[in-house]
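Visitor: Mind folding the following:
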Amino acid sequence: MSNFFHRLLNPHCVDCKDNDPVEVLCEQLQFLRNENDRLLEVIVNFNKPIFKEQEVPARSEEPKEIRTQTLPWRVRQQMLEQEDARKAEVLRSLDDNKGSISIEELEKEMDIVHAN
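Guide: All right, here's what the predicted structure looks like:
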């Protein structure tokens, strides 16, 4: 009975507040609610990725050959000769398409006279 009067007269007493079963039950209830909310959030977001994944484009190209830093001179020379041959072929095909003009025709157009 004295405990009832003590709580009635001193509702904010530290000793009573720590031993109050209603307070303890309220704290446990709040803890369980928080835990249930957290678990529910995990279940709802179960299939969502944790980290944002970046889309990786599919490669349609074949992987290129890995070259070393230094090439032997003979290999480098052959590569340069092949490139020059391709460039010369392209230039020849361009000249054939234009219709080449001979030097004599150009001299006549420019009115250059040679003393032969």
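Visitor: what residue ranges in this protein score low on pLDDT?
Guide: 1-2, 11-12, 14-19, 49-57, 67-68, 96-101, 113-116 (pLDDT under 70).
Visitor: So it: which segments form each domain?
Guide: As recorded under automatic domain parsing, the domains making up the chain are 2-44, 73-110.
Visitor: Just the strands from this protein, written as ranges.
Guide: Taking DSSP state E as the criterion, the chain contains no strands.
Visitor: now the domains of the chain in a markdown table, with distance to Glu65?
Guide: Quick note: C-beta positions are derived from backbone N, CA and C, even for glycine. Formatted as a markdown table, those follow (distance: least, C-beta to C-beta, whole Å):
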| stretch | distance to Glu65 |
| --- | --- |
| domain 2-44 | 48 |
| domain 73-110 | 13 |
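Visitor: which stretch among those domains comes nearest Ala58?
Guide: Closest to Ala58 of the domains of the chain is domain 73-110 (C-beta to C-beta; 31.0 Å).
Visitor: what's the single longest helix in the protein?
Guide: helix 73-98 (DSSP state H).
Visitor: What are the buried residues along that helix?
Guide: Of the residues in helix 73-98, none has enough neighbours to count as buried (16 or more other C-beta atoms under 10 Å).
Visitor: Now find how far off-centre it is within its chain.
Guide: 39 Å (C-alpha atoms, centre = their mean, to the nearest Å).
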